[in-house]
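Chemist: requesting a structural model of the entry that follows:
(chains A, B and C)
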Amino acid sequence: MGYLPHTEDELRAMLRRIGVEHADDLLLASVPRAYAFPEIDLPEPVSEMEIMTELREMSEANTDLQRVPCFLGAGAYHHFVPSVVDHVLGRSEFYTAYTPYQPEMSQGTLQAIFEYQSMICALTGMEVSNASHYDGATAMAEAVIMAISVWRGRRRKVVMSPTIHPEYRETVRTYTQGMDIAIIGDYSLGNDIPALVDMVDGDTACLIVQNPDFLGRILDLSGLAERVHAHKALLVVACDPISLGMLKPPGDYDADIALGEGQPLGNAISYGGPYIGFFTCKKRYVRRMAGRLVGQTVDAEGKRGFVLTLATREQHIRRERATSNICTNQALNALAAAVYLAAMGKSGLAQVARLCYHKAHYAANAIALLDGYDVDLAVPFFREFVVRCPIPVADLNQDLYESYGILGGYDLGQVYPELEDHMLISVTEMNTRQEIDELVEALEGIVR
Amino acid sequence: MGVQVDPECLYTETHEWIRVEGDYGYVGITDYAQEQLSDIVYVEVPEGGDAFAKGEVFCVVESVKAASDCYLPVGGEILEVNGQLEDSPDLVNTDPYGEGWFVKISVDDTDELDDLMDAEAYAEFAEQAEEEGGP
Amino acid sequence: MTEPIIYELSAPGRRAVSLPVLDVAPSDLPPTMLLRDGLDLPEVSELDLVRHYVHLSQLNHGVDVGFYPLGSCTMKYSPKVNEDASRLSGFAATHPYQPEESVQGNLRLMYELQEFLKSLSGFDGVSLQPAAGAQGELTGVLMMRAYHQSRGDARRNVLLIPDSAHGTNPASTTMAGFEMVELKSDARGNVALDDLAAHLSDRIAGMMLTNPNTLGLFDQNLLQVTRLVHEAGGLMYGDGANFNALMGVVKPAELGFDLMHFNLHKTFSTPHGGGGPGSGPVGATVALDEFLPGPIVVSETTLLDAVTGERLPEDAVDGEQDMGVEGLWYRLWMPRRSIGRVKSFYGHFGVCVKAYTYIRMLGAAGLTDVSRMAVLNANYLQAILKEAYPLPYDRVCMHEFVLEGRVEGAPDVRALDICKRLIDFGIHPPTNYFPLIVPEALMIEPTETESKQTLDHFAETMIRIAQEARENPQLLHDAPVNAPVRRLDEVRAARRLVLRWEG
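Modeler: I've put the predicted structure just below:
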């Protein structure tokens, strides 16, 4: 099988033309004979019909979010994906194309990415967006590398907030392990914004914060950029794209780099990937920015067209001097994000944000009234909030799932020892009032 | 193929030129270099006040196809940067020894000039490089 | 026909999507200073939206539209069943932090894919986490670094990389804090052994090698190369971009590779998406697999409830135990001395589903046939085209080969012109100007899913273009004339940066 079109006659004609007896002669002319044609241990092949049956069964061994209410967030969110998104993504002219290195044959991809860049700039309030990174975590790692590069390697300290997603912080550390860079600030949950700013000095390349933070809280970052810039360091903000439907964007408070996880924009939650890291910066840093960039130009007849530009920053030209080794963007995921943003539009995204906000607050208020549960309602939050629970979160979640068929929130004790027995609950426009009421009843019922 | 040179300049093997005027020098890249790079799209210049040693990378020149490091012919401090390059990087292509200059530097140690080639020597050097196929 | 920018199609008040009305009492909004002031997104109807993207798609060339012989990219056909598989809601609608008992289907798929990749390559451990080939490379280099450091060998921070290597190789070494030394290739396209020997020392961390290389050639001295590097205390990293030539033919681990990345979007038929998402799993031998990025998936044999398939608790009483059957349970696990995670969550799961489906449908014999036919197709084209264009390395190639884009009797015609003229015939040009060691390079990889008719048509077109180059070169210099746009001004794009819609 293998989607091979060759007939016996064609094979014979081709072999004749090449001048060999058997196709294997070609292989044996290249590879060391002693190692040729090893035994490969794989299951016997199956037909399309059989594999789909098997995969259906395998997938049904999972519990999926279409069947149970989900209050789990923590960096991956269950949002509504309008059907138009998957239909556009299903156009195989988009998904079977390669990177648009031959622009005359790729204006579809190029213009779609240009529009994505434009919309992400509008969303974040920033001047320039690239064509995306793999996810929010790698986007953050690239931001650190970029800040170091802006300083031409002369500053080697990074101050990082403890309320940034733990996996983003781990990824930054993995990426920089060979780079002799000091990362401070995130070892203690007590390091709030004023404490972090105090750590910024003349050796700091950047300060990174997340807003809303990993605990769901909306931070007031006005004035922060000024204090960071006083030391000539960069301000990097990781933000949430749905929250930007209502919250002040990083561009408005003078961030130098704004990035985040774009999965909530039209991308399936898909057990963690593929996702998309959006990445924006101030125009004056554009040449230090990694990743692909689509620019507008004209063709030989003066017609508008689009090309990949500033490629000289990239690996295939600069090689060991490249801004990064990245060779891809998440083009199809970026397309999904663009279609989502265009479909929702100005008013739609604002409405999604408000639906999340009000439903989350409805849930928080109701849970706060329960005996044994504590919610700090004084802190502004967007769609996630922290609940102190009367029993360990793992036990609570097990009961919620097994007895009530509800996916509970994230166990913060895994990340912050001070937050043992604290759960991070996420509420989106997908959670109906009934689901929220049932969650509240369940939480009450479990500890009664 | 004749390699264009400016008789008043001294040259490096990495195709930069310096035209010394008293204690100062103007620095840029040669006609041969701009031809190899073809259309220049951007020149990443240093900031005034930055100091570099002889042979240190002080600047990056970008064309559509390549990005090249430029090495300072002699050690010095950047006194002035050619502001025209921001909007008109093509000056490097059209007038590499004149309007396409990159920086004006203080020359810290005039002895370092002795290692450089004069116009004639450089013209020979560049023609040789061209025959071998590129810098 | 220029397609308008989506913003140009907007009109105030239009919206494509309907949303439910708020079903709870609203709460107070945050203070105004935390709220945004206006949001400049398009406002279009669903019909205008769909027409816009359909028009855009029609401006694109894809494998589903026509021949796409991009060397090094493996533009093979992406089976539609893979797409359906990844969209099954049981896969697509699962949250990465769900309890393990609720995603055993996912974990089993990932575990089995890990095992398949091990079988094909001979490696002992695989991580599916790296998001793309380039990230797989960075992973590999960081693993080499961790390995040497664990043995107190911190001096080893130089990597050897052939001059034919893909740009991501040196870029990845720099990111890992290593230095690189470029090795020459010999006249037959192999790594020059004398150059290699001259650079071996106790500072060498190892070598990054693409094999077959970017010329499409299997290194004739490979076993010697890997032995020499090992003897010097270094490790061999394999860039697996060209694995489409090797499945069932050889196992890289047996040839001396210690680490390798796979490209699921090349070898394993997952679609390229216009530039992503890909997936770059990394395989490692037993000496190195404890450094793999994670989490990865491991399995354990355990007692499962015969009816529900759930794992029986450890303290299950005898009666319950009798109701159990032995089965496999899957869980996430961090390798003992992992270099750390290279991204959030576990990898491109949606892409892994597609690769899994492909491997299950083909099996060992099917995948071996894939490599066999990929190599056959490339050699067939090479045999025909070497009579029309210079072939710098005239030997049996593997799945791709490199020509010089020059035509005798047409000194002004270059690879660029030939490529642009191919566009006029509805054929995507081959990779050009790479590898750097061949001037005016044209790297051609037909893949195994193309028929003899398609290959013959491509060869005829290339020969015709060579003819045009001699008789009417202006046709090539002006090309393309049949595409949605003519040649685009890349200099202007870089000089006058317009990176977003400005109204």
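
Chemist: buried ones in the lengthiest helix in chain C, by neighbour count?
Modeler: Using DSSP state H, we find that the single longest helix of chain C is helix C:349-385. Going by neighbour count (16 or more other C-beta atoms under 10 Å in any protein chain shown), the buried part of helix C:349-385 is C:349-364, C:366-385. The way it works is simple: take the backbone N, C-alpha and C, and place the C-beta from them, glycine included.

Chemist: beyond it, next helix or strand please.
Modeler: Note on helix C:349-385: by DSSP states H and E, the next helix or strand toward the C-terminus is strand C:401-404.

Chemist: got the contact list for that next one?
Modeler: With contact meaning C-beta atoms under 8 Å, 6 or more residues apart in numbering or on different chains, strand C:401-404 is reached by C:71, C:214-216, C:378-379, C:381-382, C:385-386, C:389-393, C:415, C:435, C:438-444.

Chemist: hmm, which of the residues you listed are the buried ones?
Modeler: Buried by 16+ other C-beta under 10 Å: C:71, C:214-216, C:378-379, C:381-382, C:385, C:389, C:391, C:393, C:415, C:435, C:438, C:440-444, out of the contacts of strand C:401-404.

Chemist: in chain C, what residue is nearest chain B?
Modeler: With C-beta to the nearest C-beta, the shortest gap between chain C and chain B falls at C:Ala494, namely 3.7 Å.

Chemist: B:Ala67 is in contact with that residue, correct?
Modeler: No - shown here, C:Ala494 and B:Ala67 do not form a contact pair, counting by C-beta atoms under 8 Å, at 10.8 Å.

Chemist: point to the helix or strand of chain A where mean pLDDT is at its lowest.
Modeler: Within chain A, confidence by mean pLDDT, DSSP states H and E is lowest for helix A:315-318 among all helices and strands, at a mean of 54.

Chemist: all the strands of the chain, residue numbers only.
Modeler: All of this refers to chain A. Listed in chain order, the strands of chain A (DSSP state E) span A:128-129, A:157-160, A:182-184, A:204-211, A:234-239, A:257-261, A:277-281, A:294-298, A:304-308, A:374-375, A:384-388, A:410-411, A:422-426.

Chemist: chain B, not that one
Modeler: Here chain B has its strands, by DSSP E, at B:10-11, B:16-21, B:24-29, B:40-44, B:51-52, B:57-63, B:67-71, B:76-81, B:103-106.

Chemist: turn those into CSV, including mean neighbour count and mean pLDDT.
Modeler: CSV is the format used below for those (neighbours: other C-beta atoms under 10 Å in any protein chain shown; pLDDT from 0 to 100):
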stretch, mean neighbour count, mean pLDDT
strand B:10-11, 23, 94
strand B:16-21, 20, 94
strand B:24-29, 23, 95
strand B:40-44, 22, 91
strand B:51-52, 18, 92
strand B:57-63, 22, 90
strand B:67-71, 20, 88
strand B:76-81, 18, 94
strand B:103-106, 22, 95
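
Chemist: which pLDDT value belongs to residue 68?
Modeler: All of this refers to chain A. With respect to pLDDT, A:Val68 has a value of 96.

Chemist: switch to chain C, that's the one I care about
Modeler: Per-residue confidence at C:Tyr68 stands at 96 (pLDDT).

Chemist: wait, it touches A:Tyr98, no?
Modeler: Yes - the criterion here is C-beta under 8 Å, and C:Tyr68 meets it with A:Tyr98 at 6.8 Å.

Chemist: overlap of the contact sets of these two?
Modeler: C:Met75, C:His428.

Chemist: mind listing the helices for the chain?
Modeler: I went with chain A, as the question did not name one. A:8-18, A:23-28, A:48-60, A:83-89, A:92-95, A:107-124, A:136-150, A:166-175, A:193-199, A:224-229, A:315-318, A:331-368, A:393-404, A:433-447.

Chemist: sorry, should have said chain C
Modeler: Using DSSP H, helices in chain C cover C:46-58, C:80-87, C:89-92, C:104-121, C:133-150, C:168-175, C:193-199, C:222-231, C:318-322, C:349-385, C:415-424, C:452-471, C:474-478, C:490-495.
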